[in-house]
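Asks: Predicted structure and sequence below. I'll ask about it afterward.
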Amino acid sequence: MHKKIHENTLGFILAGGLGTRLRPYTLTLPKPMLPINGRPILEILLLQMKYYGIDEVVVSLGYLGDIVKAYCQFLSNKPDYPSRIRFVDESTPLGTCGPLSRLDDETLKDIERVLVINGDILSDISFDLLLGKHISCDAFLTVAIRHSVTRLPLGIVEVDEQGRVRDFKEKPGFEALDNLGIYVYSRRAIARIPANTFYGADRMILDNLEEEIISYRQDGKYMWIDVGTHSEFEKAQTDFKNIRKSLTFLKE
């Protein structure tokens, strides 16, 4: 059992999206409520927050938000879930950063940092190590990243102005550092988010590059799935046995 308690840390789950990539599943259920082997994604994220000692969580509510809210209230009375689950309204879409502007002074009382995760991410990245780096660096904002190689399905041809072939690369790969949809915001960062405005994490970062914005890249092998697409959602269902091994806080 995980023992560390992250005091002064608020969890925030972005659950207000329309889930258009997962239609028709999301015509009747909001994306965070779609089940992975019978358990909603949102429930898994709440278990993860509690496992890492985060006992107060805010969930943004948008599309079919009443379903999300009712389920959270049902879980909040159970010992394996955060004891306090609050909500912010996102009936008008606010992006991946804008909903944090809805946090009020009462919710942020005694809070020094906010751990934010997209409501369609399954990952066994260590929140302990992520928060530890954020705190040790006194960061304005911390972004979880990973290295990836994307290989194109076709060869690439380079030609000159006369159309003569000058180079040919067979299915080249492009390296990048991917944003994993998991962040830690300082109180200073929260104060910079414009109110009632669609505002993404990309804008937040680009508008504040003069600040101490750092990355967290976990060493070794770890699991990360964006279940917001049909292929990844279906993969999560068929590969749940291995996912369960990674998410050690999940009980039978």
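Replies: Everything's here; your move. This is a predicted model, so every value here is computed, not measured.

Asks: How about the secondary structure of the residue of the chain most remote from its centre?
Replies: The outermost residue of the chain, judged against the average C-alpha position, is Gln162 (47.6 Å), by Cα atoms, centre = their mean. Secondary structure assignment for Gln162 (DSSP: H, G, I helix; E, B strand; the rest coil): coil.

Asks: Show me what the helix or strand bottoming out on mean pLDDT in the chain is packed up against.
Replies: Sorting the helices and strands of the chain by mean pLDDT, DSSP states H and E puts helix 240-246 at the bottom, at a mean of 74. In this structure, helix 240-246 packs against no helix or strand, with contacts taken as 3 or more Cβ pairs under 8 Å, 6 or more residues apart in numbering; DSSP states H and E. All C-beta atoms are positioned from the backbone trio N, CA, C, and that covers glycine.

Asks: show me where the protein has helices.
Replies: Listed in chain order, the helices of the chain (DSSP state H) span 41-51, 65-75, 105-108, 127-136, 187-191, 201-207, 230-238, 240-246.

Asks: can you redo those as a markdown table with mean neighbour count and distance to Val116?
Replies: Written out in a markdown table, the entries for the helices of the chain read as follows (neighbours: other Cβ atoms under 10 Å; distance: least, Cβ to Cβ, whole Å):
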| stretch | mean neighbour count | distance to Val116 |
| --- | --- | --- |
| helix 41-51 | 23 | 11 |
| helix 65-75 | 16 | 16 |
| helix 105-108 | 11 | 14 |
| helix 127-136 | 18 | 11 |
| helix 187-191 | 16 | 10 |
| helix 201-207 | 17 | 8 |
| helix 230-238 | 14 | 20 |
| helix 240-246 | 14 | 21 |
